[in-house]
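Enquirer: How does the following fold in three dimensions:
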Amino acid sequence: MQSTKRIEFFAEGVKLKAGGNYASGNHERAKRGAIKGWSSASRRRMREFMLCHRPNAETVAIGATLTIAGPSPDVAEVRDLWKNWCRAAQKRGWVIVWRLEVQQRGAAHWHCIMYVDIEQVTRGGKVPQRLGEELVKLDIQKSWEKALREMGPVEGITDPKRYRVMGRKVASVDHRMCFDGADKYATDLQVKPTACGSWMRYLQDHATKSKQEQIAEGFGRHWGKINAKKLDRVDAEEAMDMTDVQYAVFLRAYQRLCTPQLKDKRVEAKRCPFGRRLGRRIKRGTRGDSIWFSNPETVKKLALYAKAAKPENPAPEMDPQGALFIRRMPADRMARKGLTPIEINTGSEA
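Expert: All right, here's what the predicted structure looks like:
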């Protein structure tokens, strides 16, 4: 008996429902321990929350990267910084979904999707859309710079060649915004359209083996949300049911389409003559529910192709004399086994 697979289409991506039975077991709620890594269940919850929730008011979407200027502070200072800034953002009414990451130099920084009401920033004043977006970006930048200043002085700088003030080597500064380039690199803000699936995909992209070194360890939660009550849960705009065979054809093509292309410098060895190679193939989607931030129209075309390639009730094969042929295996394989197709006379001839 064939089970039914399902594809649900949203504005920023799709949700694949492959089915599967999971034993719940005798689970008892225990005391929460220390967060030691970014589990697959946590990543799945973040993907589903971003896909199925939208702001309930007219807002502008901002993709933000917030970085700590200067030498990397200790974990306690990072936690205090983020707690203070989140409290200020909550008071301003900003809706934020954030994820923590560690840079190569060891400093923590955050990637966020922010939904901000322009009229809240302009205090009810009517301004052109472009000007309102710039005012929102300026407001976010000033709030983060204020949080960095409130961290206090930085003393005992061990790498004065890297962290300078007006081109000069220093041993201490009054606050972190004194460093050269702090005003330029502390914030990276980009206005995103309503359907910002690419930015959502970037937020959850560090689950692969090549990105594990960027996952924060010992900092606490890896992702979270601010003012989540201002987000409404949305249903799928469209859904498509498929058989097991149709879903297998679709998933094979879709996984190949999502396989990344990576740069490779082994051109001299003729292993990668064009300087690129295929990355690790994504294996999600074979069981349970999975979230993909892809263009829904592209996924829909692949699904329609799979349904056309493997129809649910294919027409039986008929010969000119009216005989119905039923084949359970390819003809060449039947010949090797000494079998012949079953012939059933349909009664077209007396």
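Enquirer: Count the neighbours of the spatially closest residue to residue 294 that is not a sequence neighbour for me.
Expert: When the adjacent residues along the chain are set aside, residue 294 lies closest to residue 13, with 5.8 Å between them (CB to CB, 6 or more residues apart in numbering). Heads up, the C-betas are built off the backbone N, CA and C, glycines and all. Using other CB atoms under 10 Å, residue 13 has 22 other residues around it.
Enquirer: just the strands in the stretch 1-150 of the chain please.
Expert: Under the criterion DSSP state E, counting those that start in this stretch, strands of the stretch 1-150 of the chain are mapped to 5-9, 14-17, 53-55, 60-67, 95-102, 108-116.
Enquirer: between the fourth one and strand 95-102, how big is the angle?
Expert: Taking axes from the mean of the first three to the mean of the last three CA atoms, to 10 degrees, one finds that strand 60-67 is oriented at 30 degrees with respect to strand 95-102.
Enquirer: What mean pLDDT does strand 60-67 get?
Expert: Here the mean pLDDT over strand 60-67 is 90, rounded to a whole number.
Enquirer: Show me what that strand is packed against.
Expert: strand 108-116, helix 129-149, strand 187-192 (3 or more CB pairs under 8 Å, 6 or more residues apart in numbering; DSSP states H and E).
Enquirer: Tell me which of the ones you listed sits most buried.
Expert: Of the helices and strands packed on strand 60-67, the one with the most neighbours on average (mean count of other CB atoms under 10 Å) is strand 108-116, at a mean of 21.
Enquirer: quick revisit: could you check how far the residue nearest to residue 294 is from residue 109?
Expert: 25 Å (CB to CB, to the nearest Å).
Enquirer: May I have the distance across stretch 236-244, first residue to last?
Expert: Across its full length, stretch 236-244 reaches 21 Å end to end, with CA to CA, to the nearest Å as the criterion.
Enquirer: Report the buried residues of it.
Expert: 236, 240, 242-243 (16 or more other CB atoms under 10 Å).
Enquirer: ranges for the helices of the protein?
Expert: Taking DSSP state H as the test, the helices found in the chain are 40-52, 75-92, 118-121, 129-149, 182-185, 197-203, 244-258, 296-309, 331-336.
Enquirer: any idea which of these scores lowest on pLDDT?
Expert: Least confident of these, judged by mean pLDDT, is helix 197-203 with a mean of 66.
Enquirer: follow-up on the earlier one: next one, pLDDT for the residue nearest to residue 294 please.
Expert: Residue 13 carries a pLDDT score of 88 in this model.
Enquirer: again, but for the one 4 residues further on
Expert: Reported pLDDT at residue 17 in the predicted model: 92.
Enquirer: repeat for residue 277
Expert: pLDDT for residue 277: 77.
Enquirer: From the chain's centroid, how far away is stretch 41-55?
Expert: On the basis of CA atoms, centre = their mean, to the nearest Å, stretch 41-55 sits 9 Å off its chain's mean C-alpha point.
Enquirer: how near is the nearest residue to residue 287 once chain neighbours are set aside to residue 157?
Expert: Spatially, and ignoring its direct neighbours in sequence, residue 287 is nearest to residue 20 (4.1 Å; CB to CB, 6+ apart). Distance, residue 20 to residue 157, using CB to CB: 54 Å.
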